[in-house]
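Colleague: Sequence below, structure please.
(2 chains)
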Amino acid sequence: GAVVSQHPSWVICKSGTSVKIECRSLDFQATTMFWYRQFPKQSLMLMATSNEGSKATYEQGVEKDKFLINHASLTLSTLTVTSAHPEDSSFYICSAKTGSLSGANVLTFGAGSRLTVL
Amino acid sequence: RKEVEQDPGPFNVPEGATVAFNCTYSNSASQSFFWYRQDCRKEPKLLMSVYSSGNEDGRFTAQLNRASQYISLLIRDSKLSDSATYLCHASKLTFGTGTRLQVTL
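Modeller: Residues are numbered from 1 along each chain as shown, chains lettered A, B, ... in the order given. Here you go, the predicted model:
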């Protein structure tokens, strides 16, 4: 089946630094990928929709200048958390549409990246 | 009101028990629904879709009630390996908070 590879799986950084997370579609092309954030014991919150070759679409309340998304190819989307602060510590997950059931899009998720900002 | 709501649990059930979760949605225009399973510190994985007529996959049964705007997941003969968080997913990429299931000996 389709695989979405996400890297790194975990990262610890100092406050004020920037962290880049990569999301790759293996053996398929993903014109659209999605980035989520999940705090402990909470649900996945959609942050933005990443579109290949165009600007990402951000959800309300998500700062686009803080969470930079680049989708330069059909197999790679990156999320950069700029000037990270402890409150940005979270589990970041990407997903891509990999199928369709009754007209609805099925998502395959990356393994997630756990960010800890000290 | 949240678009998709679930009882966060945890639901603690003995092995072999039958357990059911509900998930309510507010957008009556939602067309597609799924159940995902998420193990601790892992990514969600598709468990099953939810069809209007209801559908079954082994020990798992999913149903949709459009009139009352909820979907349900029934797990029969619970196994220890069923312990996880179950997320409902309505159209437009909205997830519920998840319901945590803990199956015990």
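
Colleague: Assumed residue B:87 was part of a strand.
Modeller: Yes: secondary structure assignment places residue B:87 in a strand (DSSP: H, G, I helix; E, B strand; the rest coil).

Colleague: residues touching it, list them.
Modeller: Contacts for residue B:87 (C-beta atoms under 8 Å, 6 or more residues apart in numbering or on different chains) come out as A:43-44, B:6, B:35-38, B:44, B:95-98. (Each C-beta comes from the backbone N, C-alpha and C, glycine too.)

Colleague: closest to residue B:105 among those?
Modeller: Distance from residue B:105 was checked for each of those by C-beta to C-beta. The minimum falls on residue B:37, at 20.6 Å.

Colleague: ok, that closest one - how many residues close by?
Modeller: 19 (other C-beta atoms under 10 Å in any protein chain shown).

Colleague: Give me the distance from the helix or strand harbouring it to the chain's centre.
Modeller: Residue B:37 belongs to strand B:33-38 when elements are defined using DSSP states H and E. The offset between the C-alpha centroid of strand B:33-38 and the centroid of the whole chain comes to 6 Å, using C-alpha atoms, centre = their mean, to the nearest Å.

Colleague: What residues of whichever helix or strand comes after it count as buried?
Modeller: The element immediately downstream of strand B:33-38 (helix or strand, assigned by DSSP H and E) is strand B:44-50. Neighbour counts over strand B:44-50 (16 or more other C-beta atoms under 10 Å in any protein chain shown) mark B:44, B:46-50 as buried.

Colleague: Give the buried residues for whichever helix or strand comes after strand B:44-50.
Modeller: Secondary structure here is assigned by DSSP H and E; on that basis, the next helix or strand after strand B:44-50 toward the C-terminus is strand B:55-57. For strand B:55-57, the neighbour count (16+ other C-beta under 10 Å) marks no residue as buried.
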